[in-house]
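>>> okay, sequence plus prediction incoming.
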Amino acid sequence: GENVEQHPSTLSVQEGDSAVIKCTYSDSASNYFPWYKQELGKRPQLIIDIRSNVGEKKDQRIAVTLNKTAKHFSLHITETQPEDSAVYFCAASILNAGNMLTFGGGTRLMVKP
Amino acid sequence: NAGVTQTPKFQVLKTGQSMTLQCAQDMNHEYMSWYRQDPGMGLRLIHYSVGAGITDQGEVPNGYNVSRSTTEDFPLRLLSAAPSQTSVYFCASSYGGAGTEAFFGQGTRLTVV
């Protein structure tokens, strides 16, 4: 089955700096890669996703890049703000096959004012 | 439009007791799934369903049963609770095919003593 590795497990940045979180996956059939943000005690919320036919996607301060050959994808957050502090999860799945998500272990991002 | 609704939010069980975690969605989503989240870890798939009457096992199915008699509901049954099942449980749903964002319920925090 699919295996998703996520690094780093914790990340501390100064407000205004950029943050990068990296994930690798094992199943070449995976073609959908969402990123979720989870605040303490809350449900995971989708912040951005990318499909395997796209190499990069941006949404304001957030971007995701995908390298299918190397089987890795990354989340980039620019101009970080204290409200970006949360746990971020990457995931991988196969479209049209139940959308079962295999999650990485999570990254706790702390943005210091 | 309530989205994905889970009940209860909190539950304490004694070892050996059984219970059902409820999950309902009002978005007419085909796909539904159950995940568990242990402290400091990503979510792991327990069971999933691609439509009414169809269910299958995920990564960690032992000790849990599911059924999908309607499109809206996807209950998770703990047959004989064990302390190892202490976790936060999330139900998720999504459209099949192209519309793939998974919407999560607010979670059920289960403690087995």
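In hand now; what should we look at?
>>> so stretch A:62-82, near chain B or not?
No - counting by C-beta under 8 Å from any C-beta of the partner chain, chain B is not contacted by stretch A:62-82; separation bottoms out at 14.1 Å. Quick note: C-beta positions are derived from backbone N, CA and C, even for glycine.
>>> name the residues of stretch A:90-106 that are buried.
A:90-95, A:98-106 (16 or more other C-beta atoms under 10 Å in any protein chain shown).
>>> need the contact list for the residue nearest to B:Glu30 when sequence neighbours are not counted.
Take B:Glu30 and drop its neighbours on the chain: the residue closest to it by C-beta to C-beta, 6 or more residues apart in numbering or on different chains is B:Gly96, 3.8 Å away. Residues counted as contacts of B:Gly96 (C-beta atoms under 8 Å, 6 or more residues apart in numbering or on different chains) are A:Asn96, A:Asn99, B:His29, B:Glu30, B:Tyr31, B:Val50, B:Gly51.
>>> need the residues of chain B near chain A, please.
Counting by C-beta under 8 Å from any C-beta, the residues of chain B close to chain A are B:31, B:33, B:35, B:40-45, B:48-50, B:56, B:58-59, B:90, B:92, B:94, B:96-98, B:100-102, B:104-107.
>>> with adjacent residues omitted, what lies nearest to the residue in chain A that chain B sits nearest to?
Of all residues in chain A, A:Phe103 sits closest to chain B, with a separation of 3.5 Å (C-beta to the nearest C-beta). Leaving out its chain neighbours, the residue that sits closest to A:Phe103 by C-beta to C-beta, 6+ apart is B:Gly42, at 3.5 Å.
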